[in-house]
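Novice: Here is a sequence together with a model predicted from it:
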Amino acid sequence: MKHLFLLLLPVAIFSNAQAQKCKSKDVPAVVTNAFYKDYPNEKKCYWGKDSINYQVAFFMGKAPISVTYDANGKKVITETQMPVEDLPQGIAAYVQKNSPGEIFKEVVQAHDASGVISYEVQVKDMALEFDAKGNYLESLKCNE
């Protein structure tokens, strides 16, 4: 089962971020150096690139993580998949009220470059965005 999850990790993270897979040799040294400075023990990771940024996906313990860097090696955002049970209460209540009976496809906690925490919950073909306290912010259509 873990092997299947390893195969699906880059697909899940890169499809959500609109990134295309790329080889580590195609990532600028300033970006890979920034990543290995932040995560010196990471050996197995998957790289991707959107129109301007680079994403790297890996596991920290059992948690899948995606980190986005700009072309200068500055960290833009860190996203960690998490269990539904760990969401702030307001988020689960909002989803149950506005999408009754729907299953959470993906739950992510995000930290932007300034340390601001937010959450994203994917339900059906929508990504619902919430702040750190669980207050609803916006809905975005997912491109699947």
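Specialist: Received, thanks.
Novice: Which stretches in the protein count as helices?
Specialist: 2-17, 29-38, 89-98 (DSSP state H).
Novice: Determine the set of other helices and strands touching the second one.
Specialist: Put plainly, it is helix 29-38. Counting contacts by 3 or more C-beta pairs under 8 Å, 6 or more residues apart in numbering; DSSP states H and E, the secondary-structure elements packed against helix 29-38 are strand 63-69. Backbone N, C-alpha and C define where each C-beta goes, glycine included.
Novice: For the strand it packs on, name the packing helices and strands.
Specialist: Packed next to strand 63-69, using 3+ C-beta pairs under 8 Å, 6+ apart, are helix 2-17, helix 29-38, strand 54-60, strand 75-81.
Novice: how long is stretch 120-136 from one end to the other?
Specialist: 10 Å (C-alpha to C-alpha, to the nearest Å).
Novice: any idea how far that stretch is from the chain center?
Specialist: 13 Å (C-alpha atoms, centre = their mean, to the nearest Å).
Novice: Can you name the residues bridging to the residue nearest to Leu137 when sequence neighbours are not counted?
Specialist: Once flanking residues are discounted, Leu137 sits nearest to Glu129: 4.3 Å by C-beta to C-beta, 6 or more residues apart in numbering. Beta-bridge pairing for Glu129 (DSSP bridges): Glu120, Glu138.
Novice: What of Gln109?
Specialist: Thr80, Tyr119.
Novice: Could I get the contacting residues of it?
Specialist: Applying C-beta atoms under 8 Å, 6 or more residues apart in numbering, we find Gln109 in contact with Glu79, Thr80, Met82, Ile117, Ser118, Tyr119.
Novice: Any of those buried? List them.
Specialist: Glu79, Ser118, Tyr119 (16 or more other C-beta atoms under 10 Å).
Novice: gap between the first one and Ile117?
Specialist: Read it as Glu79. With distances taken as C-beta to C-beta, to the nearest Å, Glu79 is found 11 Å from Ile117.
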